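Asker: Provided below are the primary sequence and the corresponding predicted coordinates.
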Amino acid sequence: MTRRAATLPLLRGNTTLESALEQEEDVLLDLDYPEQRIEFFVLLYSNRDDIERIASYHLGLGPSDTCRTGDVKEWAHGSFNVCIPLYVSKQGQYLGKHALIRFPLPYKIGELNTPGNVDEKLRCEAATFI
C-alpha cells in the first residue's frame with residue numbers, strides 16, 4: 001500500500017515535506033505566507049473606507065465625487081505588492097476612469113522581523129517616482 005505525501009499550501013502551488021527538504025532555501029517562511037496574505041487582505045478590506053477617502057483626496061475629487069475600491073477578486077498581487085483598483089465617479093456618473101493603489105506585502109519584505117521595512121520601501125518607491 002502506497003502512502004500519499006501530504007501537501008502544504010504555498011502562495012503559488014503546494015509543497016511536500018520531501019520537496020521542502022530538497023530545497024536550499026528555508027521553506028518554513030514560505031509556509032506562513034498564505035495565512036499572512038489572508039490576514040493582510042482582511043486588514044486592507046476592513047480599511048477600504050479609509051483607502052477610498054485618502055485616494056479621493058489625492059485624486060482631487062470633490063464632495064459629490066466618489067472613489068470606490070475594486071472587489072477583492074480584482075486585486076492583483078505579485079511577489080512584493082498588492083494592487084487594488086480604484087473606480088472614480090464624478091457626481092454619481094462613472095467616467096470609465098480608474099487608478100491603482102499599490103501596497104507592499106509586509107510579510108514578504110520582513111516587516112515582522114525588521115519593523116520599518118514597509119516605510120523604507122514606500123519612501124524609496126516614492127523617491128523613484130519623483
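Answerer: Here it is on my side, so go on.
Asker: avg pLDDT for the strand or helix carrying E120?
Answerer: Element membership for E120, per DSSP states H and E: helix 117-129. Mean pLDDT, computed over helix 117-129, is 90.
Asker: Residue ranges in the chain under the pLDDT threshold?
Answerer: Applying pLDDT under 70 to the chain flags residues 1-5.
Asker: Which residue ranges of it form strands?
Answerer: In the chain, the strands defined using DSSP state E lie at 7-9, 14-16, 66-69, 76-77, 81-90, 93-104.
Asker: what about the helix holding E120, distance to the chain center?
Answerer: What separates the centre of helix 117-129 from the centre of its chain is 16 Å, taken as CA atoms, centre = their mean, to the nearest Å.
Asker: Who are the packing partners of it?
Answerer: strand 93-104 (3 or more CB pairs under 8 Å, 6 or more residues apart in numbering; DSSP states H and E). C-beta here means a position set from N, CA and C on the backbone, and glycine is covered the same way.
Asker: ok, back up a step: what angle do the helix holding E120 and strand 81-90 make?
Answerer: 60 degrees (axes from the mean of the first three to the mean of the last three CA atoms, to 10 degrees).
Asker: Give me the residues contacting helix 117-129.
Answerer: With CB atoms under 8 Å, 6 or more residues apart in numbering as the test, helix 117-129 has contacts from F80, P104, P106, I109, G110, E111.
Asker: check contacts around the second one.
Answerer: When contacts are counted by CB under 8 Å, 6+ apart, P104 touches F80, N81, V118, K121, L122.
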